[in-house]
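# quick one: sequence and predicted model below, then my questions.
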There are 2 protein chains.
Amino acid sequence: MDQPGPSSGESLLFLTDEQLRKGIEAMFFAYRGFTADPDRILEDHGYGRAHHRAIHFIHRAPGTTVNNLLNILGVTKQSLNRVLRTLQSDGLVEARVGAKDKRERHLYLTAKGGELERALSDAQRQRMRAAFREAGPNAVAGFRTVLEHMMDPEMRRHYAAMKEPGQ
Amino acid sequence: MDQPGPSSGESLLFLTDEQLRKGIEAMFFAYRGFTADPDRILEDHGYGRAHHRAIHFIHRAPGTTVNNLLNILGVTKQSLNRVLRTLQSDGLVEARVGAKDKRERHLYLTAKGGELERALSDAQRQRMRAAFREAGPNAVAGFRTVLEHMMDPEMRRHYAAMKEPGQ
DNA sequence: ATTTTATGTCAGTGTTGTTGACTTTCCAAG
DNA sequence: CTTGGAAAGTCAACAACACTGACATAAAAT
């Protein structure tokens, strides 16, 4: 559409509106697949995606505070609180009052919570593993690169904060 | 894409659980960015993502039937109907009774509906274009390949049914 | 004539988001 | 030390939007 740049010799055909539209639909359809398997498991437990997200990030960073989770998930604290309340009363999550700052609640998965987390992430990883394997390492690297650039800077910080496998 | 196979000496380190977890979070955070810009526009109009999806696919395939849209979107007809009803009464979408089969309603965007579609897709494309450009054509190809393999087969059919830009 | 298909509607429920009001705890300025 | 504000978390009420189930209408198919 626009993007001059042919001076560099690069074709830039991958930036046409048609290509971008393909990318948009790829995201839409792929995300549906991405959430389909966990959704089925969650349904059996009477939970939704909000519960999955909470469980995922508590697993990733045990002892995280409610406020920290709030920043990552980008919802209101009231919304998150409802989810955490049910997870706690169902015995999947434990909230310990902060030692230093007693206002804070540090969140941990219980054994039972860990079980559900494993079931959910196993299902999700299985699909991702199949997709990765079929696409190959080179495609996977491209996949990650594009997604990183699609994130809001704030979210990219949270993403990058994950401990890198190979480091 | 290229199918290495362990026999070829390929490392397969990209299939570790840690790498897969990175991929999972990349999808999560990127999808948030992916929907952020249209969400802001939709809010001004009192619409939600459901309206966006309907508008997008009516734009992509003008004259599509309600039933066809149902299959693509994967929601119940009651849910879709609520959205279509508001879009029609707001004058963004027009439903014409089928000429051949009078039970069918063929859906079209009005001029006003086309305007909103453009605003929404412009916003979404702008972000995708930036991500694509920064990542480069090779990464974009990998991105698309992995996403395709992540879709449910049914959805992949809909995705592939789009007219390919270069064909 | 009967059945099936395509669409639309009404009622009810559940998840998840929101805002508003409130409590408890911490900290810092007077 | 007290007071006042900020921060963390909770409770209650409401809105958006998904779902199921039951039902209605019209037209196509058998």
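Sure, I can see it. Remember, predicted model here, so these are calculated numbers, not experimental data.
# what's the pLDDT at the residue in chain A that chain B sits nearest to?
Nearest residue of chain A to chain B: residue A:142, at 2.4 Å (Cβ to the nearest Cβ). Where you see a C-beta, it was placed from the backbone N, CA and C, and this is true even at glycine. Model confidence at residue A:142, given as pLDDT, is 97.
# over to the one 10 residues further on?
Residue A:152 carries a pLDDT score of 92 in this model.
# in which helix or strand would I find the residue most central in space within chain A?
Closest to where the C-alpha atoms of chain A average out (Cα atoms, centre = their mean) is residue A:53, at 7.0 Å. Per DSSP states H and E, residue A:53 falls inside helix A:49-60.
# residue numbers of chain A in contact with DNA strand C?
Within reach of DNA strand C by Cβ under 7 Å from any atom of the strand, chain A has these residues: A:46-51, A:75-76, A:78-80, A:82-83, A:101-103.
# apply 10 Å and report the result again.
A:39, A:42-43, A:45-54, A:70, A:73-83, A:86-87, A:97-104 (Cβ under 10 Å from any atom of the strand).
# against DNA strand D, which of those residues make the cut? List them.
Among those, DNA strand D is touched by A:43, A:70, A:76-82, A:97-98, A:101-104 when using Cβ under 10 Å from any atom of the strand.
# with adjacent residues omitted, what lies nearest to the closest residue to DNA strand D within chain A?
Closest contact between chain A and DNA strand D, by Cβ to the nearest atom of the strand, is at residue A:66 (3.0 Å). Spatial nearest neighbour of residue A:66, chain neighbours left out: residue A:105 (5.3 Å); criterion: Cβ to Cβ, 6 or more residues apart in numbering or on different chains.
# hang on, the earlier thing: so the residue nearest to the centre of chain A touches residue A:70, yeah?
No. Counting by Cβ atoms under 8 Å, residue A:53 stays clear of residue A:70, with 11.6 Å between them.
# who touches both of these two?
Residues touching both residue A:53 and residue A:70 by Cβ atoms under 8 Å, 6 or more residues apart in numbering or on different chains: none at all.
# which helix in chain A has the most residues?
The longest helix of chain A (DSSP state H) is helix A:17-45.
# by contact count, what packs against it?
Under the contact criterion of 3 or more Cβ pairs under 8 Å, 6 or more residues apart in numbering or on different chains; DSSP states H and E, helix A:17-45 touches helix A:49-60, helix A:111-135, helix B:17-45, helix B:49-60, helix B:111-135, helix B:137-150, helix B:153-160.
# pLDDT (mean, whole number) over that helix?
94.
# doesn't residue A:95 belong to a helix?
No. Under DSSP: H, G, I helix; E, B strand; the rest coil, residue A:95 sits outside any helix and is assigned strand.
# hang on, isn't residue A:107 packed against residue A:58?
Yes. Here residue A:107 reaches residue A:58: they are 4.8 Å apart, a contact under Cβ under 8 Å.
# overlap of the contact sets of those two?
In contact with both residue A:107 and residue A:58: A:64, A:69, A:93, using Cβ under 8 Å, 6+ apart.
# quick check: bridge partners of the last one?
For residue A:93, the beta-bridge assignment (DSSP bridges) gives partners residue A:109.
# burial count for it?
Residues lying near residue A:93 (other Cβ atoms under 10 Å in any protein chain shown) number 22.
# how confident is the prediction for it, by pLDDT?
Looking at residue A:93, the pLDDT reads 94.
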